[in-house]
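Visitor: build the 3D model from these lines:
(2 chains)
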Amino acid sequence: MKKTRRIEIAFELLRIVIAIAIAYVLAMIVLFFISEQPMEAIKSFAFGPVSTKRRFSSVIELAIPFMFTGAGMCMMYSANRFNLAGEGIFLFSGCIITLCSFQLAPLGLSPLIFPLILILIGAIAGGILALIPALAREKLQVNEVVVSIMLNYALLYISNFILRNFMLDTSVTYSASFELPESSKLINIWQGTRLHTGIFVALFVVVAVWIFLYKTPWGYSIRTCGLNASYAKYVGINVVVSCVVAQIIGGACAGAGGAVQILGLYDRYQWDSLTQYGFDGLLVSVLAKRNPILVPIAAFMLAYLRIGADIVNYVTDVPAEFISVLQAIIILLVAAQSFLGGVRDKVIYDSAKKGMKAEEKKEEVK
Amino acid sequence: MLATYMNAEWIGSFLYSIIRISTPLIFASLGACFTKKAGLMNMALESMMLTAALCGVLCSGASHSIFIGFLGAVISAVMIAGIISYCAFFLKTDLYLTSISINLAAVGGTVFVLFLTCGQKSTSAGVINSLTIPQINIPIIENIPVIGPAISGHNLLTYIAFMAVGVVYFLLNETKTGLRIRSVGENPQAAESVGISVRKIQTISFLISGVFCGFAGAFMSMGYVSWFARDMLAGRGFISMSATNISDASPVLSLLASMMFGTSQAVANALQIASVPSEVVSALPYITTIVLVIVFALIRQRREYTRRLRLAASIDE
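Guide: Residues are numbered from 1 along each chain as shown, chains lettered A, B, ... in the order given. Below you'll find the model as predicted:
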């Protein structure tokens, strides 16, 4: 039995690697045909992100929000809920903690505690907001995707409203808040880049979610609900509570992510459209196969692709958006049960047959 | 202040804007009726409409023919539906996941194609000389006060949308395919046992909803406005899906639910002129959608509860 499981895991990994390889090949073909300087474009897409220290650090910087939203989506996706509110929560949390930072600045908190308090506020706000689609889904059977997507747009405009009316700095030419208090910002940890301590918070969140989901009875009930809700109900798991908890934690992760993003990389709150990090979280969690411990790797891979596309956009004439189609292809190939399914079944069958033969031989010897 | 709005002219144009804004929602929610009846949730309405909107602009701009532009829009939406059904029903990916990732791909993909064709990422306005589907004045009716300005002078597709309600009703309830779609939705195993290929029927339901989304997308870029802009649907696909869900996939009720959501958007537009902060106004349609969806779910739950009580009482007797 263990052997079968091992083969299955190997094929899962193989599928991810092949999916990414196919996407890369497709990207090369696309770049080759539409770019004026195809070789330049392909080179910067594949190796651009590691060509300089600045670019490499920007991959890691981008992986930080992916880790937060990815861990959050792992939570929700494990309960088989596609609560996409993380998108709006990420943005709203950034807005609300900026507002809070102005309120808390006169207290003179130390730069060690101040950001942590703000991140906590962001997480709490995220948890509460994720409750709206969660309760609608569990109590009223309303599709959570619809409610969460509507919530995203609502949160976007509410954040814009808060920015315009409560913290707009009219002394700058673009629409942005006042400058964040210096003591609230996360500290830079790599000279010459923008990499900040948020990465430790991200890793902490990822590990915490992993422990919760895979090492505690609550996590087990959440995963059971996701795999088979009727079974979970039958064995006495409270499906409603488990799924709501999963979505609250997922929302809290996204909220913490929004706070870290603002405190780590920005001087002012200035988002005026949805950041897309919430949706990227779904991609990360699919790549990570719902397992939070794989989230950092998946986040890094996605960030690598994105920065590669950005560099292509910057260096050549190809817009970075081509990456979004490739992402969909990767997701579909990774999620497709039938992709390489036949080969996997054959390998499992052969190994089982071999095992049986070996046992027969053993018995003959006896 | 109210007095300035309460005249016949304003009411006429307000009703006109409700019908105009509701048109894409009606098409898309009618399309979603088919998939809903087949027991599936079509969350890719958004991407089908967005792709159709872009292809309508590109095809009509390239061919200088309204019909080819319209055809391009419908075909592109059906192709998206085909991709989704192939992945979900034949490659066995999760349908939700497929739809969501196709939605994301459509947002980026349309911007990508827009940049390749127009050289800019925000809108096709001014670059591509795309055509619009003509508006139609209904003879006699257009002269009636209030009603005339409200229901005459709409885009051809708007009238088709209202007529399509009857067509959808007929297709679902009076044809063999409609019967099969409903039987697959009611009980896939039973349908399979009498020789109906479930995934074929599911694919058909998706393709039909693709056709309707093609109409909706064509209306968006060739009627509602005359250009394509990035992310121009702004959640309309999901609003239409809510309309179908609220109405339990009945075509007539879907029409009414779509018009209800259209009204909330029209009210928001009217408030904008009345100097309410624009952010609040923009958030309004989305918040009303959430509230309405929840209210209708509460009503349904209550009704279900009393029905069960009554059933239990009748068994006791």
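Visitor: going forward, measure contacts and count neighbours with C-alpha atoms only.
Guide: Noted.
Visitor: chain A contacts on the stretch 1-150 of chain B?
Guide: Residues of the stretch 1-150 of chain B lying near chain A by C-alpha under 8 Å from any C-alpha of the partner chain: B:87, B:90-94, B:96, B:98, B:101-102, B:104-109, B:111-112, B:115.
Visitor: 7 Å - rerun?
Guide: Neighbours of chain A within the stretch 1-150 of chain B, by C-alpha under 7 Å from any C-alpha of the partner chain: B:91-94, B:98, B:101-102, B:104-105, B:108-109, B:111-112, B:115.
Visitor: which of those residues sits closest to A:Q191?
Guide: Checking these against A:Q191 by C-alpha to C-alpha gives B:G108 as the nearest, at 34.0 Å.
Visitor: need the next SSE after the one helix or strand the closest one maps to, C-terminal direction.
Guide: Take DSSP states H and E as the rule and B:G108 turns out to sit in helix B:95-118. Using DSSP H and E, the helix or strand that directly follows helix B:95-118 along the chain is strand B:135-136.
Visitor: residues contacting the next helix or strand after that following strand, please?
Guide: Counting by DSSP H and E, the element after strand B:135-136 in chain order, helix or strand, is helix B:147-151. Defining contact as C-alpha atoms under 7 Å, 6 or more residues apart in numbering or on different chains, one finds that helix B:147-151 is touched by B:G12, B:S13, B:L15, B:Y16, B:I141, B:E142.
Visitor: how does it look with 8 Å?
Guide: For helix B:147-151, the external contacting residues (C-alpha atoms under 8 Å, 6 or more residues apart in numbering or on different chains) are B:G12, B:S13, B:F14, B:L15, B:Y16, B:S17, B:I19, B:I141, B:E142, B:N143.
Visitor: pipe those into CSV and attach neighbour count per row.
Guide: Output for the contacts of helix B:147-151, formatted as CSV (neighbours: other C-alpha atoms under 10 Å in any protein chain shown):
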residue, neighbour count
B:G12, 17
B:S13, 17
B:F14, 21
B:L15, 18
B:Y16, 22
B:S17, 22
B:I19, 23
B:I141, 14
B:E142, 16
B:N143, 12
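Visitor: most residues in a single helix of the chain, which one?
Guide: Just so you know, I chose chain A. Across chain A, the helix with the greatest residue count (assigned by DSSP state H) is helix A:2-34.
Visitor: could you do chain B instead?
Guide: Longest helix in chain B, counting residues (DSSP H): helix B:278-316.
Visitor: ok, A:W271 touching A:S93?
Guide: No. Judged on C-alpha atoms under 8 Å, A:W271 makes no contact with A:S93 at a distance of 11.2 Å.
Visitor: look at those two and report which has more neighbours.
Guide: Per other C-alpha atoms under 10 Å in any protein chain shown, whichever of A:W271 and A:S93 has more neighbours is A:S93, with 33 against 19.
Visitor: so who does the more buried one touch?
Guide: Contacts for A:S93 (C-alpha under 8 Å, 6+ apart) come out as A:G122, A:A123, A:A125, A:G126, A:G255, A:A256, A:G258, A:A259.
Visitor: name the SS class of A:W218, please.
Guide: Secondary structure for A:W218, judged by DSSP: H, G, I helix; E, B strand; the rest coil, is helix.
Visitor: go ahead and confirm it touches A:V241.
Guide: No. Using C-alpha under 8 Å, A:W218 is not in contact with A:V241; the gap is 10.0 Å.
Visitor: residue of the stretch 101-250 of chain B closest to chain A, please.
Guide: Closest residue of the stretch 101-250 of chain B to chain A, C-alpha to the nearest C-alpha: B:A105 (4.6 Å).
Visitor: out of everything not next to it in sequence, what's closest to B:A38?
Guide: Leaving aside its sequence neighbours, B:A38 sits nearest to B:G185 (C-alpha to C-alpha, 6 or more residues apart in numbering or on different chains; 3.9 Å).
Visitor: the one you found: which element?
Guide: helix B:176-186.
Visitor: going on from that helix, what's the next piece of helix or strand?
Guide: Immediately after helix B:176-186, counting by DSSP H and E, sits helix B:188-193.
Visitor: what residues sit buried inside that following helix?
Guide: Across helix B:188-193, burial judged by 16 or more other C-alpha atoms under 10 Å in any protein chain shown covers B:P188, B:A191.
Visitor: and stretch A:102-109, by the same measure?
Guide: A:F102, A:L104.
Visitor: quick revisit: show me which of the residues of the stretch 1-150 of chain B next to chain A is closest to A:D267.
Guide: Closest to A:D267, out of all of the residues of the stretch 1-150 of chain B next to chain A and judged by C-alpha to C-alpha, is B:G108, at 28.2 Å.
Visitor: would you confirm that that closest one contacts A:P319?
Guide: No. When contacts are counted by C-alpha under 8 Å, B:G108 is not listed as touching A:P319 (9.9 Å).
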